[in-house]
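Novice: could you work out the structure for the sequence below:
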Amino acid sequence: MQNSVDLLLKQWGSLIQSCRAERESQSQFAKRLGVGRSTVSALENGCAQVAVGTYLQAILVLGLAGSFADWLSQQDQQQRQRFRHSGPRLDNDF
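Specialist: Below is the predicted model of the structure:
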């Protein structure tokens, strides 16, 4: 479970970094987020010690909320498909 969380945070961090880097420096972005530059660096590296709210705020500030919601929906569908149970079907022929 922890590995999947780490992977997820790294994906979020990578997305944030690539979008932020096109527009502004880490210092400028940190000011807009209201955090220090070191927090932005940790966030972009997928650090689990950064609050999830900070990740979400960064996504909102970068205007990625719609893309992120679409991505979450895809992840949810994939998880549901993994957990679908295809056990033997019962019939009512007694």
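Novice: what pLDDT does residue 93 get?
Specialist: pLDDT recorded at residue 93 is 67.
Novice: brain fart, residue 83
Specialist: Model confidence at residue 83, given as pLDDT, is 61.
Novice: what comes into contact with stretch 11-21?
Specialist: 26, 29, 40, 43-47, 55, 58-59, 62, 64, 68 (C-beta atoms under 8 Å, 6 or more residues apart in numbering). For glycine as for every other residue, the C-beta is placed from the backbone atoms N, C-alpha and C.
Novice: hmm, I was thinking of stretch 32-45
Specialist: Identification of contacts with stretch 32-45 by C-beta under 8 Å, 6+ apart yields 10, 13-14, 16-17, 20, 24, 26-27, 29-30, 49-50, 54-55, 57-58, 61.
Novice: just the terminal-to-terminal distance for that stretch.
Specialist: Criterion C-alpha to C-alpha, to the nearest Å; first-to-last residue distance in stretch 32-45 is 19 Å.
Novice: how far away from the center of its chain is that stretch?
Specialist: Computed by C-alpha atoms, centre = their mean, to the nearest Å, the chain-centroid distance of stretch 32-45 equals 15 Å.
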